[in-house]
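K.L.:
Any chance you could fold what I've pasted below:
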Amino acid sequence: MALLTCVYALFSSKDYPTSTFTKSFSRLFGNDHVVFLDNEGKSVQISIDRSTGSGFISQKVYLHAYFSASIKLQAGYTAGVVTTFYTSNVNMYETSSHDELDFEFLGNIEGQQWIVQTNVYGNGSINRGREERYNLWFDPTQDFHDYGILWTHKWIVFYVDNIPIREMQRVDAMGGDFPSKPMSLYATIWDGSSWATAPIDYTYAPFVANYSNFVLQGCSVDPSHKPPKCDGEFELGLSYKGLTIEERTRMKKFRSKHMTYSYCHDRSRYPSPLPECVMNPEEVRS
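P.N.:
Predicted coordinates for the structure are as follows:
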């Protein structure tokens with residue numbers, strides 16, 4: 001119990017130790033487009049041009065964790081360029097049964113507000129997308145900002161600069177739609193011309209994104225074990241009980257000002273809200 005108390009206090013302060021790329025990640029694709037920005041591997045740049053995009057993947061697989069990274073995006077015309085920070089197990093399961101938790105930056109046309117999208121998939125529930133979109137209150141190209149994902153057996157929370165922007169609590173009616181299988185952590189940059197803001201204009205290439213201050217704090221597992229067991233005693237989900245009153249107030253303020261879309265309020269897609277949706281009258285009116 002003493003260990004769990006310490007873990008909860010550590011999470012509340014967001015004071016986790018950071019890791020390096022070489023310690024925690026491997027190149028996934030576009031190998032020569034994944035380059036270090038320092039000699040110690042603390043910061044890395046991924047890029048896309050006409051030849052390829054690029055990305056990296058965590059060396060370990062996790063069952064519940066807190067992940068975060070500081071990310072700086074490219075200024076100027078980046079429409080159609082999708083930059084991501086997400087968890088997935090699509091490398092271990094078919095697309096029809098995989099889990100995923102996404103941060104997706106949808107590129108930008110200079111002078112417009114940046115859009116970031118979060119999404120949750122459980123057990124391959126692609127036909128039940130749980131997207132939300134937000135305008136950022138800062139320019140993500142001017143400096144690094146922190147983006148975090150908390151995933152426990154009952155809760156999912158997305159953070160921007162330690163401000164919770166989205167919370168999902170597991171309810172029984174979700175069934176397999178709540179991500180519950182071990183996942184890896186990814187970062188990628190790729191061509192999303194078919195749906196992200198506008199087609200890519202490769203005359204502006206290469207497009208880049210910088211990552212640093214990696215945090216991978218959670219329960220690492222061997223996914224071949226059935227059921228998978230935590231490596232060590234760390235289990236974040238046992239100690240986390242949901243947002244504090246202060247955090248919930250900050251999240252409400254963010255969502256009232258910056259959320260532009262939520263699946264919970266989309267009656268054309270879902271005439272009846274999905275079971276985890278908590279209907280906030282202010283959000284509905286917005």
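K.L.:
State the next helix or strand along the chain beyond the longest helix seen in the chain.
P.N.:
The helix spanning the most residues in the chain, taking DSSP state H as the definition, is helix 245-258. Next along the chain after helix 245-258, taking DSSP states H and E as the criterion, comes strand 259-262.
K.L.:
For the stretch 151-286 of the chain, which segments are assigned as helices?
P.N.:
All helices of the stretch 151-286 of the chain, identified by DSSP state H, counting those that start in this stretch, fall at 245-258, 281-285.
K.L.:
Least confident of those, on average?
P.N.:
Comparing mean pLDDT across these, the lowest value falls on helix 281-285: a mean of 64.
K.L.:
Name the nearest residue to Val44, sequence neighbours excluded.
P.N.:
Closest residue to Val44 apart from its sequence neighbours, by Cβ to Cβ, 6 or more residues apart in numbering: Phe21 at 4.7 Å. Every residue, glycine included, has its C-beta placed from N, CA and C.
K.L.:
ugh, typo on my part, it should be Ser96
P.N.:
Nearest non-adjacent residue to Ser96, counting by Cβ to Cβ, 6+ apart: Gly124, 4.3 Å away.
K.L.:
who's in contact with Phe105?
P.N.:
71, 73, 82-84, 114-117, 140, 209 (Cβ atoms under 8 Å, 6 or more residues apart in numbering).
K.L.:
can you do 7 Å?
P.N.:
Phe105 makes contacts with 73, 82-83, 114, 116, as judged by Cβ atoms under 7 Å, 6 or more residues apart in numbering.
K.L.:
Ser47: which of these is nearest?
P.N.:
Among these, Thr83 lies closest to Ser47 (Cβ to Cβ), at 10.2 Å.
K.L.:
is it true that that closest one touches Ile189?
P.N.:
Yes - using Cβ atoms under 7 Å, Thr83 makes contact with Ile189 at a distance of 5.0 Å.
K.L.:
hey, what's in contact with both of the two?
P.N.:
Shared contacts of Thr83 and Ile189 (Cβ under 7 Å, 6+ apart): Ala209.
K.L.:
Give me the neighbour count for the residue nearest to Val44.
P.N.:
Here the number of neighbours of Phe21 (other Cβ atoms under 10 Å) works out to 22.
K.L.:
Equivalent analysis for Phe36, please.
P.N.:
Neighbour count for Phe36, taken as other Cβ under 10 Å: 14.
K.L.:
Now for His33: which residues touch it?
P.N.:
Shown in contact with His33 (Cβ under 7 Å, 6+ apart): 46-47, 52, 54.
K.L.:
Give me the subset of those lying in strands.
P.N.:
Members of the contacts of His33 lying in strands (criterion: DSSP state E): 46-47, 54.
K.L.:
Now the buried members of these.
P.N.:
Neighbour-count burial (16 or more other Cβ atoms under 10 Å) is assigned, among the ones in strands among the contacts of His33, to 46-47, 54.
K.L.:
Which elements pack onto the longest helix of the chain?
P.N.:
On a contact count with 3 or more Cβ pairs under 7 Å, 6 or more residues apart in numbering; DSSP states H and E, helix 245-258 meets strand 163-169.
K.L.:
can you name the two of the contacts of His33 that are farthest apart?
P.N.:
Across the contacts of His33, no pair lies farther apart than Ile46 and Thr52, at 10.6 Å, counting by Cβ to Cβ.
K.L.:
Tell me where the stretch 1-150 of the chain has helices.
P.N.:
With helices called from DSSP H, counting those that start in this stretch, the stretch 1-150 of the chain shows them at 2-13, 21-24.
K.L.:
Which of the ones you listed comes out lowest on mean pLDDT?
P.N.:
Note on the helices of the stretch 1-150 of the chain: lowest mean pLDDT is at helix 2-13, with a mean of 38.
K.L.:
List the residues that contact the nearest residue to Thr95 once chain neighbours are set aside.
P.N.:
In space, and not counting its chain neighbours, Thr95 is closest to Gly124: 6.2 Å by Cβ to Cβ, 6+ apart. Residues counted as contacts of Gly124 (Cβ under 7 Å, 6+ apart) are 95-98.
K.L.:
Please consider this matter closed, and thank you.
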